[in-house]
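Participant: sharing a model prediction with you, sequence too.
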Amino acid sequence: MYKPSYGYFIILIFLTLGVTACSSSSIHDSGETATAKVKQEDTGYYPDKKADKAKNVVCDDPKPLSDEDFEISYRSHKIDKKTDIKELIRNWGYGEGYDNFNRGYISGNGTYRRWNLYYPNYEDPEIDFVVLSKIELEGEELVDGESYLVAVSLENPKFKTKRGLKIGDTLGKVLQLYGQPSTITNRSLVYSENGLHLDIYWDTKTEKVDNIFIEYNMEKSVEQQRSADYVEEDAQPDPDLEPYTIQKEQSFTTTLNGWGDVKFISTLKDEETNDLIHAKFFLEVNNDKNVENKILYEFPEFYGNNGKMIDRIKAVSFKDLNQDGRTDIVIIADYITGVNAHGIETLPVAGVYFQKKDNTYTTLPELDKSINQTGHNRTLQNVIQYVSKQRINVQ
């Protein structure tokens, strides 16, 4: 069963179509032109190759989304942004197993409770209503006060969206019914309109839909719950709770000038947060002792984050590129360019960190731009050879 994310999505990647039919091409390592492609003319390199002939997906141009596309029907009851949760409970109860599953608890504080309302039961649900309730005191008991529908998760293939999509359908059918998405993450497509979001998740092995998640009031619920988490007006989240996930395969123990033995940490921003999935890099203390602050240094913004959604950190190299006796760092990542019936499509993007005399690091955006626009971004050797031919003086 899919466990829904409880952050909210904003439009991450704006896709444009070159044709009105929603045909799609296969994914190839050679980087052939994707059916749906992010326009980033100033920062990206796109090989001038023709797309393959469309496979598996042929359709008329899907009509634009409307509020009705985010409605579903359950037990002959229309579910939408204005659904009255208390009325559902009066009609259907709380679902079998509600108390045994900690009353559907997801998260909470002293003000709000976020919880799941599963039907017909909590062991094998057909549908999941995500609810935010204000906590109130009734006598000596805490109860759910004002409540509203945050989102709905379809858990059974017998339930369909307004356009007929269900669990088990192919990515090709998604594109047939809805066209290209507003947003792509590494395993979901998001269609957005008027603050409503249809999140379609797929199994990367079977290339079929395994969850349909409709967000009605996600932004409102996150803001309310977050504001209640911090008592002090100017309180800030703990920096250790930054929404980044360590990429272990591209994190290394190394020795750097002026830093000694350190850990170079590659991270990606968690896709459950509100923003683009970006890459971020840190130096950490290289020991297991319990120190107050393990982070020694935060690297400048990675060039590949420039308007792109990073899919993965592909390669890292530590090398003196300009023969000044200091250790420079080359990063190559893959970023998402579009989606077809077989999944996401990616292209590489490279960036270089040059070490300065004070041992901190800097970037040269014009050089990074040139590396990527000329196509010298596919392997570490490509980048190193290209940069080594340039005259670079970093103070």
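Facilitator: Arrived safely, thanks for sending. Numbers count the residues shown, from 1 in each chain.
Participant: nearest residue to Ile89 other than its sequence neighbours?
Facilitator: Spatial nearest neighbour of Ile89, chain neighbours left out: Leu117 (7.5 Å); criterion: Cβ to Cβ, 6 or more residues apart in numbering. Where you see a C-beta, it was placed from the backbone N, CA and C, and this is true even at glycine.
Participant: can you pull out the helices in the stretch 251-395 of the chain?
Facilitator: Assigned by DSSP state H, counting those that start in this stretch, the stretch 251-395 of the chain shows helices spanning 365-373, 380-388.
Participant: what is the burial count for Val383?
Facilitator: 26 (other Cβ atoms under 10 Å).
Participant: brain fart, Lys294
Facilitator: Here the count is done by other Cβ under 10 Å, and Lys294 has 16 residues near it.
Participant: thought it was touching Leu283?
Facilitator: No: with contact defined as Cβ atoms under 8 Å, Lys294 does not reach Leu283; the gap is 9.7 Å.
Participant: low-confidence ranges, the stretch 51-200 of the chain, go.
Facilitator: 51-60 (pLDDT under 70).
Participant: show me where it has its strands.
Facilitator: 72-74, 77-79, 105-108, 112-119, 127-138, 141-154, 183-185, 188-193, 196-203 (DSSP state E, counting those that start in this stretch).
Participant: would you turn the ones you listed into CSV with mean neighbour count and distance to Phe318?
Facilitator: Formatted as CSV, these follow (neighbours: other Cβ atoms under 10 Å; distance: least, Cβ to Cβ, whole Å):
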stretch, mean neighbour count, distance to Phe318
strand 72-74, 16, 52
strand 77-79, 14, 54
strand 105-108, 14, 40
strand 112-119, 22, 44
strand 127-138, 18, 45
strand 141-154, 18, 44
strand 183-185, 23, 30
strand 188-193, 20, 34
strand 196-203, 21, 37
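Participant: just so I know, which of those lies nearest Lys173?
Facilitator: For the strands of the stretch 51-200 of the chain, the distance to Lys173 is smallest for strand 196-203, at 10.2 Å, taking Cβ to Cβ.
Participant: which other helices and strands contact the closest one?
Facilitator: The helices and strands touching strand 196-203, judged by 3 or more Cβ pairs under 8 Å, 6 or more residues apart in numbering; DSSP states H and E, are helix 171-178, strand 188-193, strand 208-215.
Participant: list just the one of the strands of the stretch 51-200 of the chain that sits closest to Asp61.
Facilitator: Using Cβ to Cβ as the measure, strand 188-193 is the one of these that comes nearest Asp61, at 14.8 Å.
Participant: which residues are in contact with the closest one?
Facilitator: With Cβ atoms under 8 Å, 6 or more residues apart in numbering as the test, strand 188-193 has contacts from 9, 11-12, 64-67, 69-70, 171, 174, 178, 181-184, 197-202, 271, 339.
Participant: direction included, what does it pair against?
Facilitator: Sheet pairing here is set by DSSP bridges, and for strand 188-193 it gives strand 183-185 (antiparallel), strand 196-203 (antiparallel).
Participant: tabulate these (a markdown table), appending distance to Asp368.
Facilitator: Listed next are the strands paired with strand 188-193 as a markdown table, based on distance: least, Cβ to Cβ, whole Å:
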| stretch | distance to Asp368 |
| --- | --- |
| strand 183-185 | 23 |
| strand 196-203 | 33 |
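Participant: nearest to Ala350, out of these?
Facilitator: So among those, strand 183-185 is nearest, using Cβ to Cβ, at 21.3 Å.
Participant: centre of the chain to the closest one, how far?
Facilitator: With Cα atoms, centre = their mean, to the nearest Å as the basis, strand 183-185 stands 7 Å off its chain's centre.
Participant: over to stretch 101-119?
Facilitator: Relative to the chain's own centre, stretch 101-119 is displaced by 24 Å; criterion: Cα atoms, centre = their mean.
Participant: burial measure for the closest residue to Asp69 other than its chain neighbours, as a count.
Facilitator: Spatially, and ignoring its direct neighbours in sequence, Asp69 is nearest to Lys162 (5.0 Å; Cβ to Cβ, 6+ apart). For Lys162, the neighbour count with other Cβ under 10 Å is 16.
Participant: OK, contacts around Lys162?
Facilitator: Contacts of Lys162 by Cβ under 8 Å, 6+ apart are 68-72.
Participant: now these as JSON lines including distance to Ser221?
Facilitator: Converted to JSON lines, the contacts of Lys162 look like this (distance: Cβ to Cβ, whole Å):
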{"residue": "Glu68", "distance to Ser221": "22"}
{"residue": "Asp69", "distance to Ser221": "21"}
{"residue": "Phe70", "distance to Ser221": "16"}
{"residue": "Glu71", "distance to Ser221": "19"}
{"residue": "Ile72", "distance to Ser221": "19"}
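Participant: nearest to Gly258, of the residues you listed?
Facilitator: Using Cβ to Cβ, the contacts of Lys162 come closest to Gly258 at Phe70, 54.1 Å.
Participant: please name the nearest non-neighbouring residue to that closest one.
Facilitator: Leu196 (4.3 Å).
Participant: pull the contacting residues for that neighbour.
Facilitator: Residues counted as contacts of Leu196 (Cβ under 8 Å, 6+ apart) are 67, 70, 81, 214-216.
Participant: what's the closest non-adjacent residue to Arg114?
Facilitator: In this structure, Arg114 finds its nearest non-sequential neighbour in Ile106, 4.4 Å apart by Cβ to Cβ, 6+ apart.
Participant: Lys357 too?
Facilitator: Gln395 (5.9 Å).
Participant: Provide a list of residues in contact with Leu88.
Facilitator: Contact analysis of Leu88 by Cβ under 8 Å, 6+ apart lists 77, 117, 129.
Participant: swap in 10 Å and give it another go.
Facilitator: When contacts are counted by Cβ atoms under 10 Å, 6 or more residues apart in numbering, Leu88 touches 74-75, 77, 79, 94, 117, 119, 129, 131, 147, 149.
Participant: out of those residues, which is nearest to Pro157?
Facilitator: The shortest approach to Pro157 among those belongs to Tyr74, at 14.1 Å (Cβ to Cβ).
Participant: and the gap between Tyr122 and Ser221?
Facilitator: For Tyr122, the distance to Ser221 (Cβ to Cβ, to the nearest Å) stands at 21 Å.
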